[in-house]
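*Asks:* could you work out the structure for the sequence below:
(2 chains)
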Amino acid sequence: MQPLGYSTGALALSDYRKALEMLGDQPVTAIELSAIRKGELIPLLRSLDDLDLSRFGYVSIHAPSEFSPEEEGWIFQELYENRHRGWPIIVHPDTLHDLSLWKRLGDLLCVENMDKRKPTGRTARELGLLFDALPGARFCFDLGHARQVDTSMVEAYRMLRDFAPRLQQVHVSEVNTQNKHDPLSFVSILDFQEVAQMIPPAVPVIIESIVSREQIGPEIERVQKALTTPHGGWR
Amino acid sequence: MVARMGNHSYPTLQLSQRIGRQWSNIEATRALSNQKLTELEEALLNLDSEDTSIVVLGSLGRREFTSDSDIDWNLLVDGIADPNHHASFLDIQKTVRRLAVKPPGREGTFGTFVSSHDLIHRIGGDEDTNANLTRRLLLLLESTPVGRPTAHERVIKNILKRYLFEDRSFWRGSGQGHHIPHFLLNDFARLWRTLAVDFAYKLRARSGEGWAIRNIKLRMYRKLLYVAGLLGCFFIQFGFEPDDRRAVLGDEFFRPQILEIVHGVFSKTPLDMVANFLLSRQRLDGTASRLFEAYDQFLGILLNSDLRNHLEKLSEGDGNDDSVYQEARKMSHRFRDALLDLFFDTKELAPLTRLYGIF
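*Replies:* Numbering: from 1, shown residues only, chains lettered A, B, ... in the order given. Next comes the predicted model:
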């Protein structure tokens, strides 16, 4: 069964404890701990030893999505000091100012493809340049971002083709015109199915759709449908 | 700067070098096109976005620009509707007018807003107007983005996605083992016949004004558009070994890859699409030479302001006795004959032409 779970930020913004509680009775085996706003990073990292994450076979941390060059040093250092946990650290490529710093994370560094408002990391070509500079980095494939950049899904196909050996995890949501992460619609499910076969069954899937407690289960079902291959059911 | 603006090497130039000919007018219009595209790109900086592309079509889109050419352009919108797009549109219009010697055509097909919705969803049926058909297929055949290419590329891929993904026989293959996108090919045929019928319409509507130049253009570059469309549609048939073709097209897994390949085919100029086909077929060098020499001569007429003006003013009644027009007509016959050789006299294309290009 493909590891599947939620981003804590999608469920409860900075309240990761509440997000974990909301997932209590859900069939999830993966979790992404979100510190998307830089103010969320220290409280999250300081509480990691107190969180019960034993039910999750896969854990990752989402680094802040915006910080200045002056703030980069301490943000990196805080994340670096947690490398012993072996959890992938998801970064937005446009936030990285000093690549030599982030290279030190080796294969724990996981670069995500971006939505179309960002200046880089939106296409396979732009990601290729980043991976040339960060040869050890892994890839967090955001299906919603890729679809927003190119609704024909050719760009999604190119990313999955070109960076398959680096694929660490997949983000799933429908990214709307305001760049917000919505639940999947009928159309986005059809689009995602076009490239679903290219996502290996062992790669963890993290849902980023912003949903209420009641919608957690139905959204899991929609995501499973979106990643269902034409030749079989949910992997 | 988008990649295909480069002037260093392109299939037509490679073909001319391989067969030892120089097509100086093709090269001259290519250089003029790149110069004008650079000029436009600098002048239109920051007027596009991720959701909009400024797209040039016509001679500039085909890289056949001359100092007397107009600039056909559209603002292609593929995203959120924003009232401020109009301000951007007016700025683009003002800038292009300043850089062009004359305004775009009178039909309103160019120099306007174009929504991706109409291009992608309205294929066929009553809502697919003459203007929509023309904009859609010229976007595939002769368009170039000035500035950010994202929306332009996205819309073209989505148009091709409709033509290819909704064409069952393309994926399944015909009884003869052909994988031809009929839906797309039929629309190229429709465009070619529409352009030909509109020639007669414009002749009547404009009381014969501009008859000679439009006649020669119809025989040359408009025919070339159809030729490029046909070759683009035949590409998949020649791009794979038969067993690989069946395996790849029979597996849904490869559909995005095929879409990417076909997008690449149509990202070339029409002349380069023809040259690309001929580059790998040395046995057709004689045909290639005649075809491109005739086209080079056509561009020579357009580059010569005196000849061009003469043809623009020539009335239909004077055509029979006019040496410039008669010479241009003979040139168009040489072009046609070379095309007939290409499409009917080769073992590769003749069967496809008979089966898909006629009935």
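*Asks:* could you check the pLDDT of the residue in chain B sticking out farthest from the centre?
*Replies:* Within chain B, the residue lying farthest from the chain centre (CA atoms, centre = their mean) is B:Asp321, at 32.1 Å. Note on B:Asp321: pLDDT of 93.
*Asks:* which strands or helices does the host helix or strand of B:Asn276 pack on?
*Replies:* Taking DSSP states H and E as the criterion, B:Asn276 maps to helix B:270-279. Counting contacts by 3 or more CB pairs under 8 Å, 6 or more residues apart in numbering or on different chains; DSSP states H and E, helix B:270-279 packs against helix B:11-18, helix B:223-239, helix B:285-303. No exception for glycine: its C-beta is placed from N, CA and C like everyone else's.
*Asks:* which one of these lies closest to chain A?
*Replies:* helix B:223-239 (15.9 Å; CB to the nearest CB).
*Asks:* could you pull up phi and psi at the spatially closest residue to A:Leu23 that is not a sequence neighbour?
*Replies:* Nearest non-adjacent residue to A:Leu23, counting by CB to CB, 6 or more residues apart in numbering or on different chains: A:Tyr6, 6.2 Å away. Per-residue torsions, A:Tyr6: phi -120, psi 160 (degrees, to the nearest 10).
*Asks:* just the CA coordinates for the helix holding B:Asn276, please, in PDB.
*Replies:* In PDB, the C-alpha atoms belonging to helix B:270-279 read as follows (Å, rounded to 0.1, in the frame of the first residue of the first chain):
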ATOM      1  CA  PRO B 270       6.600  25.800 -41.700                       C
ATOM      2  CA  LEU B 271       9.700  26.000 -43.900                       C
ATOM      3  CA  ASP B 272      11.700  24.300 -41.200                       C
ATOM      4  CA  MET B 273       9.100  21.500 -40.900                       C
ATOM      5  CA  VAL B 274       9.500  20.800 -44.600                       C
ATOM      6  CA  ALA B 275      13.300  21.100 -44.500                       C
ATOM      7  CA  ASN B 276      13.300  18.800 -41.500                       C
ATOM      8  CA  PHE B 277      11.500  16.100 -43.400                       C
ATOM      9  CA  LEU B 278      13.800  16.500 -46.400                       C
ATOM     10  CA  LEU B 279      17.000  16.600 -44.400                       C
END
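*Asks:* could you give the average pLDDT over that helix?
*Replies:* For helix B:270-279, the per-residue pLDDT averages 97.
*Asks:* how about the contacts made by the closest residue to B:Gly61 other than its chain neighbours?
*Replies:* Once flanking residues are discounted, B:Gly61 sits nearest to B:Glu142: 4.2 Å by CB to CB, 6+ apart. By CB atoms under 8 Å, 6 or more residues apart in numbering or on different chains, the residues touching B:Glu142 are B:57-58, B:61-62, B:225, B:269-270.
*Asks:* in a markdown table: those residues, plus neighbour count.
*Replies:* Shown next, in a markdown table, are the contacts of B:Glu142 (neighbours: other CB atoms under 10 Å in any protein chain shown):
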| residue | neighbour count |
| --- | --- |
| B:Leu57 | 22 |
| B:Gly58 | 21 |
| B:Gly61 | 25 |
| B:Arg62 | 25 |
| B:Leu225 | 21 |
| B:Thr269 | 24 |
| B:Pro270 | 25 |
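*Asks:* got the contact list for the helix or strand of chain B with the lowest mean pLDDT?
*Replies:* Least confident element among the helices and strands of chain B, by mean pLDDT, DSSP states H and E: helix B:242-249 (a mean of 89). Under the contact criterion CB under 8 Å, 6+ apart, helix B:242-249 has outside partners B:170-173, B:177, B:179, B:236-237, B:239-240, B:254, B:257-258.
*Asks:* is any part of the following helix or strand past that helix close to chain A?
*Replies:* Going down the chain from helix B:242-249, the next helix or strand is helix B:255-265, by DSSP H and E. Yes. Under the criterion of CB under 8 Å from any CB of the partner chain, chain A is reached by helix B:255-265 at B:255-257, B:259-260, B:263.
*Asks:* closest to chain A out of those?
*Replies:* Chain A has its nearest neighbour among the residues of helix B:255-265 next to chain A in B:Pro256, at 3.4 Å by CB to the nearest CB.
*Asks:* the residue nearest the centre of chain A in helix, strand or coil?
*Replies:* The residue lying closest to the centre of chain A (CA atoms, centre = their mean) is A:His171, at 4.2 Å. When classified by DSSP: H, G, I helix; E, B strand; the rest coil, A:His171 comes out as strand.
*Asks:* quick one: which two of the contacts of helix B:242-249 are the most distant?
*Replies:* B:Gly177 and B:Gln257 (20.3 Å; CB to CB).
*Asks:* give me the more crowded residue out of these two.
*Replies:* B:Gln257 (15 against 10; other CB atoms under 10 Å in any protein chain shown).
*Asks:* the more buried one is in contact with A:Met153, isn't it?
*Replies:* No. Look at B:Gln257 against A:Met153 with CB atoms under 8 Å: they stay out of range, at 11.3 Å.
*Asks:* what residues sit buried inside the helix or strand where B:Leu311 lies?
*Replies:* Assigning secondary structure by DSSP H and E places B:Leu311 in helix B:305-313. Neighbour counts over helix B:305-313 (16 or more other CB atoms under 10 Å in any protein chain shown) mark B:307-308, B:310-311 as buried.
*Asks:* quick one: which of the residues you listed is nearest to A:Ala63?
*Replies:* Closest approach between the buried residues of helix B:305-313 and A:Ala63, by CB to CB: B:Arg308, at 61.3 Å.
*Asks:* pull the contacting residues for the nearest residue to B:Ile216 once chain neighbours are set aside.
*Replies:* Of all residues not flanking B:Ile216 in the chain, B:Ala328 sits nearest, at 4.8 Å (CB to CB, 6+ apart). Neighbouring residues of B:Ala328 by CB under 8 Å, 6+ apart: B:212, B:216, B:298, B:301, B:311.
*Asks:* show me just the buried residues among those residues.
*Replies:* B:212, B:216, B:298, B:301, B:311.
*Asks:* in a helix, that's where the first one is, yeah?
*Replies:* Yes. Read with three-state DSSP, B:Ala212 is one of the residues of a helix.
*Asks:* roughly how far apart are it and B:Phe183?
*Replies:* Separation of B:Ala212 from B:Phe183 (CB to CB, to the nearest Å): 36 Å.
*Asks:* who does the helix or strand hosting A:Cys110 pair up with?
*Replies:* Assigned by DSSP H and E, A:Cys110 falls within strand A:109-112. Applying DSSP bridges, strand A:109-112 is found paired with strand A:89-91 (parallel), strand A:138-142 (parallel).
*Asks:* returning to what we had before: could you save the contacts of helix B:242-249 as TSV and add columns showing pLDDT?
*Replies:* Output for the contacts of helix B:242-249, formatted as TSV (pLDDT from 0 to 100):
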residue	pLDDT
B:Phe170	94
B:Trp171	95
B:Arg172	93
B:Gly173	92
B:Gly177	88
B:His179	94
B:Ile236	90
B:Gln237	91
B:Gly239	84
B:Phe240	86
B:Phe254	90
B:Gln257	92
B:Ile258	95
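*Asks:* is any part of the helix or strand harbouring B:Glu153 close to chain A?
*Replies:* Using DSSP H and E, the element containing B:Glu153 is helix B:150-165. Yes. Counting by CB under 8 Å from any CB, chain A has neighbours in helix B:150-165: B:150, B:153-154, B:157-158, B:160-161.
*Asks:* low-confidence stretches in chain A?
*Replies:* Along chain A, segments meeting pLDDT under 70 span A:230-235.
*Asks:* can you tell me which helices and strands the longest helix along chain B packs against?
*Replies:* Counting by DSSP state H, the longest helix found in chain B is helix B:182-205. Where contact means 3+ CB pairs under 8 Å, 6+ apart, helix B:182-205 is packed against helix B:130-142, helix B:150-165, helix B:168-172, helix B:211-217, helix B:223-239.
*Asks:* switch to 7 Å and redo it
*Replies:* helix B:130-142, helix B:211-217, helix B:223-239 (3 or more CB pairs under 7 Å, 6 or more residues apart in numbering or on different chains; DSSP states H and E).
*Asks:* next, count neighbours for the residue nearest to A:His92 when sequence neighbours are not counted.
*Replies:* Leaving aside its chain neighbours, A:His92 sits nearest to A:Ser65 (4.9 Å; criterion: CB to CB, 6+ apart). For A:Ser65, the count of nearby residues is 19 (other CB under 10 Å).
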